[in-house]
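Trainee: The following comprises the amino acid sequence and a computationally predicted model.
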Amino acid sequence: MRHLISPMDFSVEETNHLLQLAEDIEKDPAKYSHVCAGKKLATLFYEPSTRTRLSFEAAMLNLGGSVLGFSSADSSSAAKGESVADTIRVISSYADIAAMRHPKEGAPYVASLHSGIPVINAGDGGHQHPTQTLTDLLTIHSLKGRLHDLTIGLCGDLKFGRTVHSLINALVRYPNIRFVMISPEELRIPTYIRKEVLDDHNIVYKEVEVLEDVMPELDILYMTRVQRERFFNEEDYIRLKDRYILDTAKMKYARPDMLVLHPLPRVNEISVEVDKDPRAAYFKQAQLGVYARMALIMILLEVEPC
Amino acid sequence: MRHLISPMDFSVEETNHLLQLAEDIEKDPAKYSHVCAGKKLATLFYEPSTRTRLSFEAAMLNLGGSVLGFSSADSSSAAKGESVADTIRVISSYADIAAMRHPKEGAPYVASLHSGIPVINAGDGGHQHPTQTLTDLLTIHSLKGRLHDLTIGLCGDLKFGRTVHSLINALVRYPNIRFVMISPEELRIPTYIRKEVLDDHNIVYKEVEVLEDVMPELDILYMTRVQRERFFNEEDYIRLKDRYILDTAKMKYARPDMLVLHPLPRVNEISVEVDKDPRAAYFKQAQLGVYARMALIMILLEVEPC
Amino acid sequence: MRHLISPMDFSVEETNHLLQLAEDIEKDPAKYSHVCAGKKLATLFYEPSTRTRLSFEAAMLNLGGSVLGFSSADSSSAAKGESVADTIRVISSYADIAAMRHPKEGAPYVASLHSGIPVINAGDGGHQHPTQTLTDLLTIHSLKGRLHDLTIGLCGDLKFGRTVHSLINALVRYPNIRFVMISPEELRIPTYIRKEVLDDHNIVYKEVEVLEDVMPELDILYMTRVQRERFFNEEDYIRLKDRYILDTAKMKYARPDMLVLHPLPRVNEISVEVDKDPRAAYFKQAQLGVYARMALIMILLEVEPC
């Protein structure tokens, strides 16, 4: 039985297979509309996340399956002191596969150790969010046609942003990937990513503070939200949150085929005026997230197209 | 693509078509039990409302579709600062149609401007609640056989009660409608309704303070809840909330074929002893609300009976 | 129309029929996978309870039906002051059967009096939780092959634990049942159970304070959680909660075929090291709870296997 806890749980070959399946689902969704009939997905969200939860639910419903679960810890047995290990053991009798979001790092991993059904990490604290990474890879692959030979700009909160860390980890496995890190000094990528991931893979990268300077180099600009909850004090948040806002003025520096990605939700780090730009791919990205999760559910449940 | 934001979005002809469809659904629900197979309804409830949400969910399930969504803003991305516009753009990839309740007036309208799927306003603040209006029209049409030549009593909170305002707007489009407004001085209908709706349509109406006096004239008595949250202070609420309680004593003044309607939930504005009176139609009204929503979903999704 | 409000609503014969049906469902679930197609279960949870709610939802989905509802009172019309009687009357138009959890004793009973659909009590305050009792009976019957000639140890909070009270009530109807009550002085079973249930049925029982002493006598050891919310002060809770922890050392005193049951969630009253013991039946019990609820839904809806 397979789980998906870290974006790196799947090999490059397995990831490529998933992306191909997702792209086939997008082409012919009717072919997949009953493959999970009679199967149940449990959405175990100890921390609210509408977007991710509903994306999983849409994915399972699109496959003909059904969904049960909870959307916050308040309405779960966790409030009564139950361990994640016990919860997943019981849920294993209720559902065929589970997607778990948890504020504590490692909780989905612990769950997977005690589970009788495949567990998908739907985000654990500031740690990992592998289905976002699969979504990001699918978006790049679908819209650029490749996952190699790319210059990726990563902009915003690179210190706490788990989606950025996971994306770096995933992309360094493909040939000729170059990163441009755009962030304030205070929110630069952590040393362990720099040393253990980038340096170890001999990845070329640079770190800058000004977005406009590097725009012309980028194939992809991955924007991230500066999350209020990551800051120790409100002043730092207010001072930093608006520094890396993408607007139409900055988009003029970008290549005509550059893509703007964002894991969403955005607050104001991308001006709404950019939404009309054909290079704005973040809503398409959300749509592709459903296909990525459909493919993932099929692979973990080992179901085949009808 | 159509949305339903205001009760007036549908013409009289369109409304009549919807009511006919709803009545056919009531007669032969099996004929409609699979028409939305594979379709998904998103219930986006930024403000709790069990009755309305579950009515929508029952409607979609009755049509063979499925449901995803959230039941309060706490468990939504709104808590992270996301705009309604962004949310609906993402939800457009997750579902085929959305029902949105929001505490802010106009939020469902804003959503409809950015949506890729039909949006139904399931109540926006004190503003509008068009599916309640459709339910009210369906109840009157089903049980009285007509929407014209009626004297409608409106009782309770006529100042803040959005269902009353919407019902007035909807009914003035039919011939020979007469209103009797029964409320305390403090909760009389707003001037803009009086001037822009009633006077402009040359509608005959009167305003009274005592319910018993006008009971014998009424074809319909539409009771409303005096909502605690609409009052600025607790004293006003306590003083006014019990003044217009309908009981069996007052029902003796009513015609044998008068109908009592209420949008529910009621607190104590209708005594439970009235429930057994055959003229009490408010639970039937709740039932018809499901058929009204089934018809609405079918029309907006442009699906036909099998 | 039948409801299930108290574990005693079903006669011994009816209970036995339900257990047989549940055991047949476990053997051949595919035979039952569409028997409730087109039927809807409403889960009306005025108090959070993930385990029970999801067990009901899994049960209905396994039968091919669908589910709607709410998982806490915050997101229900109760917050607007609506009575349970009104809520169930409306829900009767939305669903075919309802499962209700409520913090107030008797609420599901009141609901059943006004309901147009079968109501299942999914737990009302410290009062009753009949589907847990059916689950317990099913577990004992499935794993021991009988509900008679058994010595049942009941350990932990016997004063407030409603599952224990219900189980006693249910088991005294079978021949040759003997109880061993293991609890601190402060949490002994209430006098009314002792007098009205045990004495009236001439049931042999004893009350002890030390678990190890009686382990060798037991066919079943039913452990219960010492719930923090049942205590008037935190000190009492801390002093008592750890006194009756089951661990592998204590399990050495037990018979090789003794079963350990627990209604779950557990906090630490059963050490996780016991989970690997083949006599630990509490996760199997949770699984059987789904089958018990499937059988119950079928019986109340009067549906037959296809």
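Mentor: Great, that's in hand. Just so we're clear, the structure is a prediction, and the values are computed from it rather than from any experiment.
Trainee: dump the residue contacts of A:Gly81.
Mentor: C:228, C:265, C:267 (C-beta atoms under 8 Å, 6 or more residues apart in numbering or on different chains). Yep, even glycine has a C-beta here, placed from its N, CA and C like the rest.
Trainee: Look at the residue of the stretch 151-300 of chain A at minimum distance from chain C and say how many residues are nearby.
Mentor: Nearest residue of the stretch 151-300 of chain A to chain C, counting by C-beta to the nearest C-beta: A:Ile297, 15.9 Å away. A:Ile297 has 26 neighbouring residues, counting by other C-beta atoms under 10 Å in any protein chain shown.
Trainee: isn't it right up against A:Ala42?
Mentor: No - with contact defined as C-beta atoms under 8 Å, A:Ile297 does not reach A:Ala42; the gap is 11.8 Å.
Trainee: Give the residues shared as contacts by those two.
Mentor: When contacts are counted by C-beta under 8 Å, 6+ apart, A:Ile297 and A:Ala42 are jointly contacted by A:Ile97.
Trainee: And the pLDDT at the closest residue to A:Ile117 other than its chain neighbours?
Mentor: Distances taken as C-beta to C-beta, 6 or more residues apart in numbering or on different chains place A:Ser92 nearest to A:Ile117, at 4.8 Å, with adjacent residues excluded. Per-residue pLDDT puts A:Ser92 at 98.
Trainee: What distance do you get for A:Ser92 to C:Ala58?
Mentor: The gap separating A:Ser92 from C:Ala58 is 11 Å, by C-beta to C-beta, to the nearest Å.
Trainee: So the nearest residue to A:Leu4 once chain neighbours are set aside versus A:Leu300, what's the distance?
Mentor: Distances taken as C-beta to C-beta, 6+ apart place A:Ile120 nearest to A:Leu4, at 4.9 Å, with adjacent residues excluded. Distance, A:Ile120 to A:Leu300, using C-beta to C-beta: 7 Å.
Trainee: Looking at the two, which has the bigger crowd around it?
Mentor: A count of neighbours by other C-beta under 10 Å puts A:Ile120 above the other of A:Ile120 and A:Leu300, at 26 against 19.
Trainee: In which helix or strand does A:Val260 reside?
Mentor: Following DSSP states H and E, one finds A:Val260 within strand A:259-261.
Trainee: Can you tell me what sits against that strand?
Mentor: A:136, A:139-140, A:143-144, A:219-223, A:246, A:251, A:270, A:274, A:277, A:279-282, A:285.
Trainee: Quickly list the domain ranges of chain A.
Mentor: A:7-128+A:289-301, A:131-286 (automatic domain parsing).
Trainee: got the residues of chain A near chain B?
Mentor: Residues of chain A lying close to chain B (C-beta under 8 Å from any C-beta of the partner chain) are A:33, A:45, A:48-51, A:54-55, A:57-58, A:61, A:66-67, A:71-72, A:225, A:227-228, A:264-267, A:272, A:283, A:286-287, A:289-290.
Trainee: For the residues you listed, I'd like a selection string for PyMOL - just the buried members, please.
Mentor: Remark: buried members of the residues of chain A next to chain B, expressed as a PyMOL selection using 16 or more other C-beta atoms under 10 Å in any protein chain shown:
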select buried, chain A and resi 33+45+48+49+50+51+54+55+57+58+61+66+67+71+72+225+227+264+265+266+267+283+286+287+289+290
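Trainee: No further questions, thank you.
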